[in-house]
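Participant: curious how this folds, go ahead:
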Amino acid sequence: IFVKRDPPASRMGASNSKKRLETAERTGILVMQKHVPPFTKIPEQVLQIKVLRFLDLSHNKIASFGHPITPVSKTLISLDLSFNLLTTLDPSIGQCAKLETLDVQENKLVRLPAELGGCKKLKKLNLGSNQLRQLPAEIGGLASLQNLLIPHNKLMTLPSEVGQLQMLQLLDLTANAIEALPESMGSCSRIRWLKIQGNSPSLTLPPSLLRDSPLDRVEVDDHLLGTDGLLKGEGADEYNERRRQLVDKELHAKMAGGDLKFST
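Facilitator: Purely as a prediction, here's the structure:
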């Protein structure tokens, strides 16, 4: 009796990889999550794709790039290396002149290369759930950065160069060990949302950030709030007024749209 056996998972993985690489040559999009067997570095074949724009190698066991990503640096727009084992990023990341999204959350990052500041088109940077204790000063060179997500790390402060991020709108610092933020953050002319719960109990917010920036949403621990539930401290009055105006605007928009339902 002939019993048909399924091919080994490794052989199936190789077959699927070949098909995906061939498709990526045409589309510029390559998704190879949870590869069997898991990747431990970026495969060389990936870097040979001529016009690679979107690369997703998340949920593998990549501990290092293995090779500089220079061959795809002129075309890469989005890079997802989340849920891997990286401890740092290869300096060649700074050559990615068109990169707009970089997701390296859920790795083991302990430092970032200064060259990261060369990603001038980067709009979203997700560094969540790593082991970072500091950020390089060169992060201030990310001129297009809008969303900077660094929750669940070991940061105690931020470099003053963060104040140079003129396009920054959202900063997530939840669950770190931050004791103070730089006064220079008052120069972040577009920041609207700061998430900073779960940091040092001695944390205070820089008055310049509350007073001079357009910040109108802050998520903080109770020690930064007064008995009325409003933010307290120097500069808080200006923030609380912006927050009130935002809430009123949203309320009026809901009323105009008929979304509000009043109980009788």
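
Participant: which parts of this protein are strands?
Facilitator: Under the criterion DSSP state E, the chain contains strands at 29-31, 54-56, 78-80, 101-103, 124-126, 147-149, 170-172, 193-195, 217-219.

Participant: a markdown table for those, including distance to residue 21, mean pLDDT and mean neighbour count?
Facilitator: The C-beta positions use only the backbone N, C-alpha and C, and glycine is treated the same way. As requested, the strands of the chain are exported to a markdown table (distance: least, Cβ to Cβ, whole Å; pLDDT from 0 to 100; neighbours: other Cβ atoms under 10 Å):
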| stretch | distance to residue 21 | mean pLDDT | mean neighbour count |
| --- | --- | --- | --- |
| strand 29-31 | 7 | 98 | 17 |
| strand 54-56 | 12 | 98 | 19 |
| strand 78-80 | 17 | 98 | 21 |
| strand 101-103 | 21 | 98 | 20 |
| strand 124-126 | 26 | 98 | 20 |
| strand 147-149 | 30 | 98 | 20 |
| strand 170-172 | 35 | 98 | 21 |
| strand 193-195 | 39 | 98 | 19 |
| strand 217-219 | 43 | 96 | 16 |
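
Participant: mind giving me CSV with these and columns for distance to residue 186?
Facilitator: Rendered in CSV, the data for the strands of the chain read as follows (distance: least, Cβ to Cβ, whole Å):
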stretch, distance to residue 186
strand 29-31, 40
strand 54-56, 36
strand 78-80, 32
strand 101-103, 26
strand 124-126, 21
strand 147-149, 16
strand 170-172, 13
strand 193-195, 12
strand 217-219, 14
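
Participant: so which of those gets nearest residue 71?
Facilitator: Smallest distance to residue 71 across these (Cβ to Cβ): 11.9 Å, for strand 54-56.

Participant: what strands line up against the closest one, and which way round?
Facilitator: Within its sheet, and counting by DSSP bridges, strand 54-56 is paired with strand 29-31 (parallel), strand 78-80 (parallel).

Participant: pull the number of nearby residues for residue 162.
Facilitator: Neighbouring residues of residue 162 were enumerated by other Cβ atoms under 10 Å; the total is 24.

Participant: also residue 153?
Facilitator: With neighbours defined by other Cβ under 10 Å, the count for residue 153 comes to 22.

Participant: now it. Nearest residue, chain neighbours left out?
Facilitator: Nearest-residue entry for residue 153: residue 132, 4.3 Å, with adjacent residues in sequence omitted and distances by Cβ to Cβ, 6 or more residues apart in numbering.

Participant: and that neighbour, what does it touch?
Facilitator: Residue 132 makes contacts with 109, 110, 111, 112, 150, 153, 154, 155, as judged by Cβ atoms under 8 Å, 6 or more residues apart in numbering.

Participant: wait, the second one touches residue 131, no?
Facilitator: Yes: contact status for residue 110 versus residue 131: in contact at 5.0 Å, counting by Cβ atoms under 8 Å.
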